[in-house]
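Chemist: Only the shape, not the letters, is given here:
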């Protein structure tokens, strides 16, 4: 009732339970986001119609508490037009920390991608399933414990980020500002008719967008953990 009263008054709300949940997590922390494509007509052997195939991921790796540990990005992007799954899975196993939480925004999606990769590549399955078991979801924490009137009822990270001190606006990105645009950019980039210069532009836009998604999670998590 108190939360609803505050919302009706259009006031910001941040509850301390979010900080308690986040501060129990260990280090290092990996913030992971996938970009996927689903073809109506499968393009690669072993895939099915509309299967979400990961062609890109970004991961911000935070070594310690804010102000004490550095953050570095690991990333993967395949614009060759070939089936990207094996290279994607190998890069995940190679680049992500072997321990610590893997923080995501909507764990159901990332978990499904990881489990699909594990099912496809038995030699990598143990490592991929370990990553899946380490997932920690920011979205339920935001839904339960944070509200700002500028979010206009949305809990998407694109709505949350601009309401947080030090946050940014996805509108500052160039042509890739959301998932549908990322899929369109990928399709254009793998088209044999796309020139080298244009492909390089698309690659840069895709990398900036996916990195924005994972950096946004770092900003949101730090804010929630601060309790203020």
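Modeler: Perfect, thanks for sending it. Note that the structure is a prediction, hence the values are computed from the model and not measured.

Chemist: burial measure for residue 152, as a count.
Modeler: 7 (other CB atoms under 10 Å). From N, CA and C alone the C-beta is placed, and that goes for glycine too.

Chemist: hmm, I was thinking of residue 122
Modeler: 8.

Chemist: That one and residue 215: what is the separation?
Modeler: Per CB to CB, to the nearest Å, residue 122 is found 34 Å from residue 215.

Chemist: Could you do residue 139 as well?
Modeler: Distance from residue 139 to residue 215, by CB to CB: 17 Å.

Chemist: With residue 170 instead?
Modeler: 11 Å.

Chemist: For residue 36, pull up the helix or strand it's in.
Modeler: Per DSSP states H and E, residue 36 falls inside strand 29-37.

Chemist: Show me what the residue nearest to the spatial centre of the chain is bridged to.
Modeler: For the chain, residue 33 is the residue whose C-alpha lies nearest the centre (CA atoms, centre = their mean; 2.3 Å). Bridge pairing for residue 33 (DSSP bridges) gives the partners residue 58.

Chemist: State the pLDDT value of it.
Modeler: For residue 33, the model assigns a pLDDT of 98.

Chemist: mind listing the strands for the protein?
Modeler: Secondary structure of the chain (DSSP state E): strands at 13-14, 29-37, 53-62, 71-77, 102-104, 135-137, 146-147.

Chemist: Of those strands, which is nearest residue 180?
Modeler: strand 29-37 (10.7 Å; CB to CB).

Chemist: Give the other helices and strands that that closest one contacts.
Modeler: When contacts are defined as 3 or more CB pairs under 8 Å, 6 or more residues apart in numbering; DSSP states H and E, strand 29-37 packs onto strand 53-62, strand 102-104, helix 107-120, helix 179-190, helix 196-226.

Chemist: outside of that strand, which residues touch it?
Modeler: Identification of contacts with strand 29-37 by CB atoms under 8 Å, 6 or more residues apart in numbering yields 52-62, 96-97, 100-105, 109-110, 113, 179, 182-183, 186-187, 206, 209-210, 213-215, 217-218, 221.

Chemist: Can you tell me the closest non-neighbouring residue to residue 162?
Modeler: Nearest residue to residue 162, sequence neighbours excluded (CB to CB, 6 or more residues apart in numbering): residue 169, at 4.9 Å.

Chemist: count of residues packed around residue 98?
Modeler: Neighbours of residue 98 using other CB under 10 Å come to 10.

Chemist: about what we covered before: looking at the helices and strands packed on strand 29-37, which is buried most?
Modeler: Most buried of these, by mean neighbour count (mean count of other CB atoms under 10 Å): strand 102-104, with a mean of 25.

Chemist: Spell out which strands sit alongside that one in the sheet and which way each one runs.
Modeler: Using DSSP bridges, strand 102-104 pairs in its sheet with strand 29-37 (parallel), strand 135-137 (parallel).

Chemist: Low-confidence regions, the chain specifically.
Modeler: 1-9, 66-69 (pLDDT under 70).
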